[in-house]
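S.K.: Dropping the sequence and predicted coords here.
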Amino acid sequence: MTIWSKINKEILFAKKIHNFFENSSTTANGKKSLLALCISSKLPANSRNSMSTQIQKIAILTSGGDAPGMNACIRALVRTGIYYGFEMWGVTRGYDGLIRGDFKKMDLRSVSNIINRGGTILKSARSEEFRTEAGMEKAYQQLKERGINALVVVGGDGSFKGAYHFSNKYDVAVMGLPGTIDNDLYGTDYTIGYDTATNTVVEAIDKIRDTADAHNRLFFIEVMGRDAGYIALNAGIAAGCEDILIPETKTNIDDLVVSLKKGRANRKTSGMVIVAEGDEEGGAYEVAQKVKEQFDGYEMKVTILGHIQRGGSPSCFDRVLASRLGVAAIEGLKDGQTKMMAGIINNKIVYTPLTQAAKLHSDMDDDLYRISKILSI
């Protein structure tokens with residue numbers, strides 16, 4: 001059986017279980033726990049690392065978009081690795097640094113005073129070269145030259161795909177950790193950085209509301225979320241937005257206009273509409289223009305929050321989450337696990353195959369969206 005046949009077989013298995021629980025009366029949290037247990041019981045033979053007793057050196061890299069809490073995660077990985085007797089290495093600039101040999105040995109002092117810092121001390125970059133056979137071969141030779149045979153990748157689904165293919169091709173154990181503000185990775189309730197980013201958005205909307213109210217304005221606020229609307233939905237509810245537009249639901253401009261007109265009739269003097277950047281009607285500018293063509297009850301303004309959502313000191317929640325997952329990653333490798341992502345479901349550590357974490361996405365909470373509609377009248 002080819003590698004891709006095995007991957008497709010694993011994905012088909014996961015989807016069947018997923019559909020079963022979606023059609024059952026089990027609670028949302030219960031479904032996630034049962035599904036994770038079912039997947040864990042069906043792990044492929046190569047998800048266990050046959051050379052676990054030989055692992056002595058572990059490398060860490062951060063890949064893709066940065067997220068608040070990545071430094072807290074690096075700190076936990078390095079400290080836990082040293083605690084268990086491993087030699088820890090950092091790779092600068094993600095897979096690109098892996099190819100170019102941009103390594104540095106990490107000790108306890110390497111991660112001092114970083115738990116409160118945003119960004120990532122290891123930097124991050126996207127690497128087209130790592131997608132090629134030649135690029136992966138260069139990366140492997142860099143690891144081999146230093147005697148490193150385990151790799152922890154902190155990032156999103158694209159980073160996990162690269163890690164999985166790399167581990168399949170070479171004798172390197174890999175462990176993924178969910179580092180993305182989008183919170184859309186399968187196999188975990190929360191991703192590192194999501195809580196901080198959502199709080200950043202809420203704080204920004206609270207400030208925008210002050211000026212909106214002072215001038216009787218309607219603001220369209222665009223937030224990150226090309227494929228997932230978790231930030232928009234939760235921040236929208238927390239900030240009391242009049243409407244929330246996300247990629248997971250169909251957007252009807254006519255319905256939006258009716259809702260805004262109703263609010264105006266109820267003597268609302270200002271309003272907030274939060275738009276995830278991946279909404280089918282376009283970003284905040286496009287949506288605002290379409291609304292303006294049908295409704296002139298307010299002066300309209302657009303604010304795009306942009307990369308402010310990625311920065312800043314991580315919240316307490318993200319620091320604790322990153323710390324727990326960092327410990328779980330090292331302990332998973334120590335116990336012989338590989339090609340897995342460490343996540344947290346129902347406040348418990350769960351390991352999910354990278355094939356599932358990279359291919360599947362967590363479902364939007366329909367009830368939360370329903371609640372947003374009720375509260376926006």
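M.R.: Everything's here; your move. Numbering: from 1, shown residues only.

S.K.: May I ask which helix or strand encompasses T249?
M.R.: When secondary structure is defined by DSSP states H and E, T249 falls outside every helix and strand.

S.K.: Can you identify the element that follows the helix or strand bottoming out on mean pLDDT in the chain toward the C-terminus?
M.R.: Counting by mean pLDDT, DSSP states H and E, the weakest-scoring helix or strand in the chain turns out to be helix 28-41, with a mean of 48. Counting by DSSP H and E, the element after helix 28-41 in chain order, helix or strand, is strand 57-62.

S.K.: Report all helices and strands that that next one contacts.
M.R.: Contacts of strand 57-62 with other secondary structure elements, assessed using 3 or more CB pairs under 8 Å, 6 or more residues apart in numbering; DSSP states H and E, are made with helix 70-83, strand 87-91, helix 94-100, strand 150-155. (C-beta placed from N, C-alpha, C; glycine too.)

S.K.: Point out the most buried one among the ones you listed.
M.R.: Among the helices and strands packed on strand 57-62, judged by mean count of other CB atoms under 10 Å, the one packed with the most neighbours on average is strand 150-155 (a mean of 28).

S.K.: and the helix or strand following it, what does it pack onto?
M.R.: Past strand 150-155, heading to the C-terminal end, the next element that is a helix or strand (DSSP H and E) is helix 157-169. In terms of contacts (3+ CB pairs under 8 Å, 6+ apart), helix 157-169 is packed against helix 94-100, helix 133-146, strand 150-155, strand 173-178, helix 354-359.

S.K.: Just send the ones you listed back as a markdown table, with mean pLDDT and distance to G187 too.
M.R.: A markdown table is the format used below for the helices and strands packed on helix 157-169 (pLDDT from 0 to 100; distance: least, CB to CB, whole Å):
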| stretch | mean pLDDT | distance to G187 |
| --- | --- | --- |
| helix 94-100 | 96 | 21 |
| helix 133-146 | 96 | 24 |
| strand 150-155 | 97 | 14 |
| strand 173-178 | 97 | 8 |
| helix 354-359 | 89 | 5 |
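
S.K.: The longest helix seen in the chain versus strand 173-178: what angle between them?
M.R.: Taking residue count as the measure and DSSP state H as the definition, the longest helix of the chain comes out as helix 194-215. Relative orientation of helix 194-215 and strand 173-178, computed by axes from the mean of the first three to the mean of the last three CA atoms, to 10 degrees: 20 degrees.

S.K.: Distance from the chain centre to helix 194-215, please.
M.R.: In terms of CA atoms, centre = their mean, to the nearest Å, the gap separating the centre of helix 194-215 from the centre of its chain is 22 Å.

S.K.: Stretch 219-227 too?
M.R.: Taking CA atoms, centre = their mean, the mean C-alpha location of stretch 219-227 is offset from the chain mean by 16 Å.

S.K.: Mind checking the helices and strands packed on helix 157-169 for the one nearest to R324?
M.R.: When the helices and strands packed on helix 157-169 are ranked by proximity to R324, the top entry is strand 173-178, at 10.3 Å, counting by CB to CB.

S.K.: now for that closest one, which elements pack on it?
M.R.: By contact count (3+ CB pairs under 8 Å, 6+ apart), the secondary structure elements abutting strand 173-178 are strand 150-155, helix 157-169, helix 316-334, strand 340-345, helix 354-359.
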